[in-house]
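Asks: I would like to see how this sequence folds:
(chains A, B, C and D)
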Amino acid sequence: MAPIIGKAKAAVDISIAYLTGIRHLFHRPYTLRFPQQRYAVEKGYRGRHLLHLDRCTGCGICAWICPEKCITIVPRGQRWYPQYFYGRCCFCHFCTDYCPEFALEETVEYDIAEYTRDRLVWSPERLSKPPVKKDDKYVFSVDTIGGASQVPQKEE
Amino acid sequence: MSAPPKPVPLTTVESTETSESGAQTLTLSVGPQHSGSGHMRLIVEVDGDIIVNVAPDPGYVHRGIEKIIELRNIIKSIPVIERPSIIDASNLNHAWVRSIEEIQGVEVPRRGQYLRTLLNEMNRIMSHLYWLSIYGVFLGHTTMFMWPLGDRELFIDLAEKLTGARITYSYLVPGGVRRDLPPGFAEEAVKRTEYFEKRLKEYDRIFFNNPLFTSRAKGIGVLSKEKAIELGCTGPTLRGSGVDADLRKDEPYAAYPELDFEVSTRPDGDSFSRAMVHMDEMRESCKIIRQIVKKIPSGPIRRKAPIVLPRGVAYGRVESARGECSFYLIGEGGDKPYRARYITGSYRNMAAIPAVLLGNRLADMPTAWWSIDYWPVEADR
Amino acid sequence: MSLSHEREDALVQKLKENFPADIKETNIIRRARLEVTVAPEKIKDVAAFLRDKLGFDHPNGVSAVDYNRENRFEIVYHISSMRVKDMRDLVLDLKESVPRNAPKVGSLVSVWSGVENYERESFEMFGIEFDGHPRLEKLFLTDNWDGPPPLRKDIRFPTD
Amino acid sequence: MSAQRTAQEEDPVATLAEGLSIWVGKLSDLVKKVVDTGPIRNVINWARMYSLWPVNITTACCSAEFGAASGARHDLERFGVLPIGSLRQSDLIVIEGTITKKMAKRLRMIYDQMALPRYVIAMGDCAMSGGLFHDSYSIVNGAHEFVPVDVYVPGCPPRPEALEQAIIMLQEKIRRSKVYEQG
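Replies: Numbers count the residues shown, from 1 in each chain, chains lettered A, B, ... in the order given. Here you go, the predicted structure:
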């Protein structure tokens, strides 16, 4: 008798498993379709740096605190500015925290892949340009009925 | 230039040997390029398909972190400390700052302690979910690969709001934490943990109650209580063998003494009980997160701490997702430590790999091996 | 959390009673952290005593420290207890010192089988030989590693 | 050497074979030209673009973000990227992080065993320059030292979106390049 009960229980459990999976066919889609939809990264995200040329004094504290030696201080005319090699930056942003003049800032730009290694060296001029604004911002919303899915960010 | 280099075997089959009883055994090397091994190699000797001998061959991700820490000051070391287990970064970071604060004698403000605990518990859930997804794909259950990785993003999002990075936070610094709670965090955290608890029930229905899983996990890879203690196992591996050892209870640190949670243990010591310990811990972590956002005190988040490490010795340890992570730190007055010994949970559980695999069939290897939650990067450091 | 060190004092007392000549130094760092320095010849007996009589059955790890100015290596066994529930927060550091030019000590694998990997690591990272170890080979480094033991203090690697 | 040469010239079979090989060579040049100029190239490149199967090798911790990228939310299979165990059937190595000296040997071996065309994405700082561990004794400072790299993705680890962008960039590179010059 016991094996039959065991088999019946197994059959029930497998059916429950399948039904649980099938139920999710009718949920809202979960995937963020990246190039068309972008996750709305909030301000304070530690992406690439933004350098304010007018505030930077070239003191070199950022290069001192950098754990990876990715910052070199380069001359531009009379002044000195940091230059980043993004093949090494670990985006810890200790340089931003330690900057006494608040010349460095976090931006939300993260997609900076390149074909060649030398294009990863960001000069002070390139760092000082603010990131290009990209539309189609989506956020991750959790709804107790519909489940979790990506929805367009609401205008505030 | 001592011994000549050993040739690397080009095929996965290394050799065949005949044992004394006349049975032929076969030596296989599983990994490092293999979907069932991760970044390590297991040299497995099989007789038929029964495993008779296992020798782990780690070191494919050995990066010499103990030497690197000796050459850098204690703040610059924080990102390095996190990297061995970036799915569990904040717990490792906590062990580091805890041993530094012990030598420096710095007291962390209570709000800082709560924020640390909050991130630690979110990290524990993320790490367990990553473990679960790989476990699913090892057993050929693709849904269990997709779902936990998807639900992990719930907490990654939360952590990103809090710290500004997805998984490598560098959030805990000596003296406190780097950022305060963003507005609207508490409601979002409550909503997501409640949703996640519902999802855990679905996991039970689709995977953990499923005979396709239970018949492959129950009674496989048994590690007895005595053996687990003797080998120095830790974390879910030890608790899955019936020892209720958890540093959060035994040596309460940060905000844990003020929080209410339970230590989950299972007595059997097989793959199934180790898996269920992970599931229970995720439920408990959800409870802890809700308690923290409810009773987090106001006040400063960080106290000024010196950048030098005074003369002294500390053995700081925390309960990370894979067990106890500890630092044996010796300071000599400069800004760099004299010696920082780094012992992680996976490194300690490495001793259990031969113990759980011996006597099982080769096809059961992924079930038994991945149930001890061995993260090779963390073990190699 | 009490700030008294009664448990630690009692442990030290017991050890000193049983091994009056071999316990060279004891030091209570803070509550639940205890250092005991032992003569290298007697460490096996002390370890067996700790395991059998005092309940220290759980090895937490083994560290080796290179004091090149004092010309010695220090090997530290971090051990704790699972059997005694009140002592689970306690970590005992069992220390021994060996001269730097002849680093050879007895292995403790026969006492705690879990220390096997840590002793192997100390062998490859510091060049300390453990007598009686079942498998004293390289663990993390490449098979054809031809450099010196990398964690020794006098070794400097060229950096970029 | 010269004696052999004369013997070969006198042999009519060898002469014929030599002549034939010249013709075959000329013919294959013609085929290459036709393929590279015509719509055949577009078809081949299209097929290569959307079946980038990476080898299932994880060198270090960036594998966590590679896992997240192939999970439910970012779903790399949209781009035809499906991690596969067999290296003879795969086209792409995503070098996920630090390459230790012990792993570099194996990685080069895997790269050599893969069939042409093969592409390499260096993911994370360690695969580009050694990253946080640049002063360590046991790592290789960058993947470009022993394999040719097509796309570099900065980050430690990069976001899954950054990896997706790298894959789109690699597809763009395949679309523009000639059929016989890939890999």
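Asks: burial of the closest residue to residue B:230 other than its chain neighbours, as a residue count?
Replies: Taking C-beta to C-beta, 6 or more residues apart in numbering or on different chains, and ignoring the residues beside it in sequence, residue B:230 has residue C:113 as its nearest neighbour in space, at 5.7 Å. Every residue, glycine included, has its C-beta placed from N, CA and C. Using other C-beta atoms under 10 Å in any protein chain shown, residue C:113 has 16 neighbouring residues.
Asks: Please give me every residue in contact with residue C:113.
Replies: B:230, B:231, B:351 (C-beta atoms under 8 Å, 6 or more residues apart in numbering or on different chains).
Asks: how far away is it from residue D:104?
Replies: Per C-beta to C-beta, to the nearest Å, residue C:113 is found 34 Å from residue D:104.
Asks: so where's the longest helix in the chain?
Replies: Because you didn't say which chain, this covers chain A. For chain A, the longest helix by residue count, based on DSSP state H, is helix A:2-23.
Asks: Chain D was what I was after
Replies: If each helix of chain D is counted by residues according to DSSP H, the longest one is helix D:12-37.
Asks: What is that one packed up against?
Replies: helix D:2-10, helix D:39-49 (3 or more C-beta pairs under 8 Å, 6 or more residues apart in numbering or on different chains; DSSP states H and E).
Asks: Comparing the ones you listed by mean pLDDT, which bottoms out?
Replies: Per-stretch mean pLDDT for the helices and strands packed on helix D:12-37 is lowest at helix D:2-10 (a mean of 55).
Asks: Apart from its chain neighbours, what residue comes closest to residue C:111?
Replies: residue C:47 (4.4 Å).
Asks: which residue ranges form the helices in chain A?
Replies: A:2-23, A:61-65, A:94-98, A:124-127.
Asks: Can you add mean pLDDT, mean neighbour count and distance to residue B:238 and give the ones you listed back as TSV?
Replies: Below are the helices of chain A laid out as TSV (pLDDT from 0 to 100; neighbours: other C-beta atoms under 10 Å in any protein chain shown; distance: least, C-beta to C-beta, whole Å):
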stretch	mean pLDDT	mean neighbour count	distance to residue B:238
helix A:2-23	86	12	29
helix A:61-65	88	18	39
helix A:94-98	88	18	36
helix A:124-127	88	16	49
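Asks: Hmm, residue A:46 is touching residue B:166, no?
Replies: No. Using C-beta atoms under 8 Å, residue A:46 is not in contact with residue B:166, being 9.2 Å away.
Asks: For these two, work out which one has more neighbours and name it.
Replies: For residue A:46 and residue B:166, the more surrounded residue by other C-beta under 10 Å is residue B:166, and the numbers stand at 26 against 23.
Asks: Could you confirm the more buried one falls within a strand?
Replies: No. Residue state for residue B:166 (DSSP: H, G, I helix; E, B strand; the rest coil) corresponds to coil; a strand is not indicated.
Asks: For the chain, give me the ranges with low pLDDT.
Replies: This is for chain A. A:1, A:135-136, A:144-146, A:155-156 (pLDDT under 70).
Asks: My question was about chain D, not that one.
Replies: Where chain D drops to pLDDT under 70, the residues are D:1-10, D:182-183.
Asks: sorry, back to before: state the distance from the residue nearest to residue B:230 to residue A:104.
Replies: Plainly put, residue C:113 is 52 Å away from residue A:104 if you go by C-beta to C-beta.
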